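Enquirer: one predicted model, sequence on top.
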Amino acid sequence: MPAALRGVAVATSGGLGGDATVTPCGRCRQTLNEAAQLGSRDLLIHCASAGGAQVETYRLSELLPHAFGPANLDLR
């Protein structure tokens with residue numbers, strides 16, 4: 001059985017400047033989802049703008065609804 005995920009949050013920042021926040025790309029969301037499902041967690045994702053002036057926080061399940069992962073393969 002795989003080791004359990006121990007992390008509880010992820011942070012992203014960047015962009016071309018301004019106040020727009022940056023969220024993880026689709027591949028990163030899927031990778032995070034697979035690890036989170038194995039650890040039975042719904043991670044917090046903190047998304048910041050390039051300068052950090054804006055920060056939005058989401059649950060991984062909000063950013064990747066109806067996700068496919070280990071639970072769909074009976075790997076939990």
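Expert: That came in fine, so what should we check first? Numbering: from 1, shown residues only.

Enquirer: next, count neighbours for Thr57.
Expert: If you count neighbours by other C-beta atoms under 10 Å, Thr57 ends up with 13. The C-beta positions use only the backbone N, C-alpha and C, and glycine is treated the same way.

Enquirer: quick check, Ser49 in contact with Leu16.
Expert: No - contact between Ser49 and Leu16 fails when scored by C-beta atoms under 8 Å: they sit 10.0 Å apart.

Enquirer: the more surrounded of the two?
Expert: For Ser49 versus Leu16, neighbours defined as other C-beta under 10 Å are more numerous around Ser49 (19 against 8).

Enquirer: now do that one, the pLDDT please.
Expert: pLDDT recorded at Ser49 is 90.

Enquirer: for it, which residues are in contact?
Expert: Contacts of Ser49 were listed using C-beta atoms under 8 Å, 6 or more residues apart in numbering, and they are 13, 15, 18-22, 55.

Enquirer: now it: phi and psi?
Expert: phi -80, psi 170 (degrees, to the nearest 10).

Enquirer: now for the residue nearest the centre of the chain: which residues touch it?
Expert: The residue lying closest to the centre of the chain (C-alpha atoms, centre = their mean) is Leu60, at 4.5 Å. Counting by C-beta under 8 Å, 6+ apart, Leu60 touches 29, 32-33, 36, 42-45.

Enquirer: just the helices in the protein please.
Expert: Counting by DSSP state H, the chain has helices at residues 26-38, 60-63.

Enquirer: output the last one as CSV, restricted to C-alpha atoms.
Expert: These are the backbone C-alpha positions of helix 60-63, laid out as CSV (Å, rounded to 0.1, in the frame of the first residue of the first chain):
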residue,chain,number,x,y,z
LEU,A,60,-8.8,20.7,-4.3
SER,A,61,-12.3,19.3,-4.9
GLU,A,62,-13.4,22.8,-6.0
LEU,A,63,-10.7,23.1,-8.6
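
Enquirer: buried ones in that helix?
Expert: Residues 60, 63 are the ones in helix 60-63 that count as buried (16 or more other C-beta atoms under 10 Å).

Enquirer: ranges for the strands of the protein?
Expert: Counting by DSSP state E, the chain has strands at residues 9-12, 44-48, 55-59.
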